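> here is a sequence with its predicted model. Questions after.
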Amino acid sequence: MSLEIWVEKYRPKTLDEIVDREEIVARLKEFVENKTMPHLLFAGPPGTTKTTAALCLARDMLGKHFSDAFLELNASDARGIDVVRGRIKNFAEAKIPSGVPFKILVLDEADNMTSDAQQALRRTMEKYTRTCRFILICNYLGKIIEPIQSRCALFRFPPMEKKYVELMLRRIAENENVDLRDDGLEAIIEVSQGDMRKAINTLQAVAAFEKPITYDLVYDVLGKASPVEVKQMIETAYKGNFEEARRLLNSLLYEKGIAPSDIIAEAYSQILRMDGIPHEDRIKLIKALGEIDYRLVEGSSPDIQLNMFLAELYLLGRKYSV
Amino acid sequence: MCPVPWTIKYAPKRLAEVYGNDKAKEELKNWLLKGLWREKAAFLYGPPGVGKTSAAICIARDFGFFLIEFSASESRDAEVIRKKILDHVHDSTLFGKRMVLFDDVDIVFSKFDTGALPAIIEVIKSKRVPVVLTAANFYDPKLVPLRRYSYPIEFKRLSMRDIVRNLERICRLEGIECDPMALREIAKRAYGDMRSAINDLQFIAAGRRKVTVDDVKALVAYRNRELNIFETLGRFFKADSIPRAMAALTNSMVEFDLLIKWVNENVWRALNDPSDIKNVYDVLSWADIYGKRANATQAWHLMKYMMALTASVPLAARKGLKSFVRGMTFPLSVKMASLTKEKRDYLENMCRKIARKCHLSTKGAMRDIVPYLKIMLEANPKYGRKVARSLGLSSEEINFLVTGRLPREGSRRLEYR
């Protein structure tokens, strides 16, 4: 069955289909023409064509041998050193199938690998460089150890430019017979903030209503997605209802099953954006969030630490209402 | 000859004869006389042997009610309840006033007697008869449905003085010569439980005319009493020094780890001031950190900071904590962890499938695909299902996304085969 999820249905299959990222794509095409490439490192925020570019490059490079000479792994699910010594090494050291210059291994979310695993990976990359080329993909370059960075050609993927998101959304809308109004398009671009995946997912979710897509509909629908509850939780605590804020937190943690780190990440981006909170309070809240984030890394209990964050919010908010 | 248990022989006949708990007795009287019973049942709760059942029996007798009693030893099948009460209720005027007592409601529902709870609520809502309930704990999760129909009245452990006074009275009536120190020793070991004190006295006095401290020490073992979580937290919140708070925590049978979670879940209920809430959670979060640091480094001497910081919680609130707090709940992090682990595993398994199709990690699928899929399923079930199926989800999994309920055991096994 062909995939009905639009992020996959409309994912470019070849480098030619990628309409933006002109400079990057041009260089990747040179690799294909010359039938060679170094190890690559793609860095940038989510939804910026990194994985797509890697897949297209591999497909173009390997042609009909793609399925024999290509492996894709996601380091978030396979992050330990055993994966590097096992699956990655096995793939890298195996013989090159005839008809291709080398095999290609895409390692997505490589910044989620432990540093031990990265050290092991570094040796594997060196040792098997003749048989296998690596494309590492990450959100945060800083989390990739320097020896790996220095072994790769680095490509930075900034957030998507508005005109390309617009182009893609309009193309999909036309193809799917969706009545996408201008203000609806504007709203989707606004909420997705340069994240193509988010933009396309939002479009599809809103389109499911089978109504003309307007500004209001987009925000209405997104109100149902969970991160909005993080915002609600923050506002509730700040406006002085500690009990209700705790209830929202518990619902996020235990009913919706949102990871504490995702709650913190969302709280962070909300606090940067929320207008209702004065700057000096935002600074305190960012410090508090950073501290909690660090404590969670250390292994502290998320429920206790997040309660403390709510207590901080509650206290800061109350000084205005009293 | 089997002697009559003194607990029955010397049971109080009137409410005024029930020792201790004056406030609770007053509340119970008000509830009956001021007509509160028409709205809610009296829910008498507290540790064993402090006079809950006695108080109920006595007030019925004091005010001329015929008591229809359901104790844990008999069936409380919904049908039996309806038969025994609702029928009687109608000729209430004919046979005099009636009152209903459901003794130890918490014990019953753990076993069978399903349907008893709705039947009890039905009786309360009929507003025809006063209903008295007794249980160890008002906040028992099993009894949640009863709460809004209940007027809670707390019975506390009895004081040594009350117990000693009653033991003296019994000795006098039985003609036993008793060393006052012996009675104090019995009372001490009873720990506020009148029934066990009387039982101990009877047991020691059997075949003697005189009871000494040595007899008590030789014959009465300390009962293994669990300080339940509510008492523990009550004492803890009341503590005015770190050692006292520490004692409240360490005398509890509840594990320290769990206690911290209880405090985390409930301490805000005992606080009013925002800066107190902040201070308290700050201290608690540091306690948590030291617990984790000690674990991570195996440097167990660090545990003392965790303990001391936890014990500092009641003192971190400058305006103090309320010593008694209604509505305390079981820590969700513990409850939900076991409750939803199965659900989380199920969801994770589903996301793993999606992840493979969408070039994402499992977490990424949970974050980037599932929320949108849910919206589609809600807005446009037919379309949403089509999308979900194309991602490789089974109809059980799709139903889970829609309803949040796991497929029943049987059908899930089928899927594995």
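The structure has been received and is ready for your questions. In this text the structure is predicted, and so the values were computed from the model without any measurement. Numbers count the residues shown, from 1 in each chain, chains lettered A, B, ... in the order given.
> what is the burial count for the residue of the stretch 1-150 of chain B found nearest chain A?
Proximity of the stretch 1-150 of chain B to chain A (C-beta to the nearest C-beta) peaks at B:Pro141, 15.0 Å away. For glycine as for every other residue, the C-beta is placed from the backbone atoms N, C-alpha and C. Neighbours of B:Pro141 under the rule other C-beta atoms under 10 Å in any protein chain shown: 9.
> and stretch B:232-242, what's buried?
If you call a residue buried by 16 or more other C-beta atoms under 10 Å in any protein chain shown, then stretch B:232-242 has these buried ones: B:Thr232, B:Leu233, B:Gly234, B:Arg235, B:Phe236, B:Phe237, B:Lys238, B:Ala239, B:Ile242.
> CA atoms only: put that stretch into PDB for me.
Extracted C-alpha coordinates of stretch B:232-242, given in PDB (Å, rounded to 0.1, in the frame of the first residue of the first chain):
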ATOM      1  CA  THR B 232       2.900   9.700  58.800                       C
ATOM      2  CA  LEU B 233       2.300  12.800  56.700                       C
ATOM      3  CA  GLY B 234       0.100  14.300  59.300                       C
ATOM      4  CA  ARG B 235       3.000  14.100  61.800                       C
ATOM      5  CA  PHE B 236       5.500  15.100  59.300                       C
ATOM      6  CA  PHE B 237       3.600  18.300  58.300                       C
ATOM      7  CA  LYS B 238       3.200  19.200  62.000                       C
ATOM      8  CA  ALA B 239       6.900  18.700  62.800                       C
ATOM      9  CA  ASP B 240       8.700  21.800  64.200                       C
ATOM     10  CA  SER B 241      12.200  20.600  64.000                       C
ATOM     11  CA  ILE B 242      14.300  18.600  61.600                       C
END
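> quick check: the residue of the stretch 1-150 of chain B closest to chain A touching B:Met328?
No - at 11.4 Å, B:Pro141 does not count as touching B:Met328 under the criterion of C-beta atoms under 8 Å.
> returning to what we had before: show me what contacts the residue of the stretch 1-150 of chain B closest to chain A?
Residues near B:Pro141 by C-beta atoms under 8 Å, 6 or more residues apart in numbering or on different chains: B:Phe330.
> gap between it and B:Arg147?
10 Å (C-beta to C-beta, to the nearest Å).
> and the one helix or strand B:Glu69 maps to, which strands flank it?
Following DSSP states H and E, one finds B:Glu69 within strand B:66-70. Strand B:66-70 pairs in its sheet with strand B:98-102 (parallel), by DSSP bridges.
> centre of the chain to the strand it pairs with, how far?
22 Å (C-alpha atoms, centre = their mean, to the nearest Å).
> number of residues surrounding the spatially closest residue to B:Arg38 that is not a sequence neighbour?
Distances taken as C-beta to C-beta, 6 or more residues apart in numbering or on different chains place B:Lys127 nearest to B:Arg38, at 4.9 Å, with adjacent residues excluded. Number of residues near B:Lys127 (other C-beta under 10 Å) recorded here: 13.
> for B:Lys127, grab phi and psi.
phi 60, psi 20 (degrees, to the nearest 10).
> any idea how far B:Ile121 is from it?
12 Å.
> circling back: tell me the pLDDT at the residue of the stretch 1-150 of chain B closest to chain A?
As predicted, B:Pro141 sits at a pLDDT of 71.
> isn't B:Trp268 up against B:Ile277?
Yes - B:Trp268 lies in contact with B:Ile277 (C-beta under 8 Å); the separation is 5.6 Å.
> which residues do these two both contact?
Contact criterion C-beta under 8 Å, 6+ apart; residues shared by B:Trp268 and B:Ile277: A:Phe242, A:Ala311.
> residues in a beta bridge with A:Cys138, which ones?
If you apply DSSP bridges, the partners that A:Cys138 bridges to are A:Ala43.
> skip ahead from the lowest-mean-pLDDT helix or strand in chain A and say which helix or strand is next.
Using mean pLDDT, DSSP states H and E, helix A:81-83 stands out as the lowest-scoring helix or strand of chain A, at a mean of 79. Once the chain leaves helix A:81-83, the next helix or strand it forms, by DSSP H and E, is helix A:89-93.
> for that following helix, the distance to its chain's centre please.
Counting by C-alpha atoms, centre = their mean, helix A:89-93 comes out at 27 Å from the chain centroid.
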